[in-house]
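Novice: Pasting the sequence and the predicted coordinates here, then a few questions.
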Amino acid sequence: MHLWRNVADTGRKQRAPKMDDVGVSKVARTPDEWAAAVERCFVPLQVKRIADGFEGTIKERHFNGGTRVSLVDSGASTLERTAKLTADPHEARLLFVCHLSGRANVTQMGRQSVQKPGQAVLYLTADPYELSFPTHISELIFSLPVGALRMPEGGLRDLASRSIDPSPSLKVLHTCLNELSECRQSTESDGLERIAVELVHGILSRHLGRPAPLGTAALAATIVEFAREHATDPDLSPETLAARFHISRRTLYLALEQRNTAPADLLRRLRIEHATGLLHCTTYPLATVAARSGFSNERTFSRAFASVHGMSPGAYRERGRTDSAIVV
């Protein structure tokens with residue numbers, strides 16, 4: 001999928017990135033092998049424990065702006081970055097972790113957070129921390145120099161080891177990191193990298209209580225994700241969408257312009273997409289399909305649906321029944 005090209009694809013179900021044929025892959029089965037793999041990809045850590053039959057894999061890619069995207073898949077283990085290890089000269093980096101599966105406990109700055117799938121957490125390599133994985137886990141990690149965010153170090157330290165719950169921005173970031181792991185063109189990866197950094201900055205700024213404006217591409221992607229999640233709300237309109245993001249209608253239009261759509265067109269498209277699914281898999285009356293898809297009434301729904309599919313919702317549903325009855 002292409003984050004800034006395809007409105008319909010943004011916000012699809014999250015998936016682990018495919019990194020089998022790109023980047024660097026490291027596999028480990030012993031504490032020493034795992035420690036070496038982690039050090040090469042991130043920073044030196046002490047492996048305190050691994051489970052019987054342990055296997056860990058790190059697949060990563062590096063980008064021009066000094067950022068890295070890594071997919072970590074490992075058995076149960078406990079790792080620690082001790083005070084002694086932080087004393088060795090090493091670039092201070094921020095690790096923003098999207099937790100995909102399993103359970104993870106992160107301890108830093110005297111705080112511990114328990115990560116569940118869909119959540120995120122950050123920790124700073126300049127300070128000691130402990131990672132405890134009681135179960136098999138997979139994580140998507142965005143590593144970047146602390147200075148890349150242009151945020152006060154004190155604020156970052158205050159956010160370390162605090163759970164970040166799912167949000168439209170976090171979902172878009174996950175999609176962006178997936179794409180970074182797959183793209184091969186440097187021009188494409190440069191644009192994605194900038195969006196990812198902007199999204200991390202925006203997510204963290206919001207959690208500090210000082211929301212920072214997103215760049216146009218990152219803002220557009222986040223707006224589309226929010227609209228996809230809430231399109232079936234009949235009260236969602238261009239005006240309420242702009243208010244949700246604390247921007248003017250003009251800014252909203254300009255952001256979506258680069259996605260080759262307008263706010264009203266985006267909402268209509270997403271609602272028709274939802275209605276099309278209901279026509280395929282339910283026997284709801286058309287008025288119910290309209291209401292459950294966010295349309296104000298059946299007439300408005302029918303008119304919008306016909307403009308896209310070239311036929312009424314009823315005819316579309318009937319054609320689907322006829323097609324499914326054909327035996328090839």
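Specialist: Looks like it arrived, so ask away. Residues are numbered from 1 along each chain as shown.

Novice: Could you list every helix and strand in contact with the helix or strand containing residue 253?
Specialist: Under the criterion of DSSP states H and E, residue 253 resides in helix 249-257. Using 3 or more C-beta pairs under 8 Å, 6 or more residues apart in numbering; DSSP states H and E as the contact test, the elements touching helix 249-257 are helix 216-230, helix 238-244, helix 263-281. The C-beta positions use only the backbone N, C-alpha and C, and glycine is treated the same way.

Novice: most packed of those?
Specialist: Each of those was given a mean neighbour count from mean count of other C-beta atoms under 10 Å, and the largest, a mean of 23, is that of helix 216-230.

Novice: what about the residue positioned nearest the centre of the chain, helix or strand, and which?
Specialist: With distances taken as C-alpha atoms, centre = their mean, the residue of the chain nearest its centroid is residue 174 (2.1 Å). With secondary structure defined by DSSP H and E, residue 174 is part of helix 168-182.

Novice: and the angle for that helix with helix 216-230?
Specialist: On the basis of axes from the mean of the first three to the mean of the last three C-alpha atoms, to 10 degrees, helix 168-182 is oriented at 120 degrees to helix 216-230.

Novice: Quick one: mean pLDDT for helix 168-182?
Specialist: Helix 168-182 carries an average pLDDT of 89.

Novice: Output the helices and strands packed on helix 249-257 as TSV; include the columns distance to residue 91 and mean pLDDT.
Specialist: Output for the helices and strands packed on helix 249-257, formatted as TSV (distance: least, C-beta to C-beta, whole Å; pLDDT from 0 to 100):
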stretch	distance to residue 91	mean pLDDT
helix 216-230	25	90
helix 238-244	37	93
helix 263-281	41	96
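
Novice: Off-centre distance for the longest helix seen in the chain?
Specialist: Identified as the longest helix of the chain according to DSSP state H is helix 186-207. Distance of helix 186-207 from the chain centroid (C-alpha atoms, centre = their mean, to the nearest Å) equals 11 Å.

Novice: and that helix, what other elements does it pack with?
Specialist: If contacts are counted by 3+ C-beta pairs under 8 Å, 6+ apart, helix 186-207 sits against strand 137-145, helix 153-159, helix 168-182, helix 216-230.

Novice: mind giving me CSV with those and columns for distance to residue 41?
Specialist: CSV is the format used below for those (distance: least, C-beta to C-beta, whole Å):
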stretch, distance to residue 41
strand 137-145, 8
helix 153-159, 21
helix 168-182, 14
helix 216-230, 26
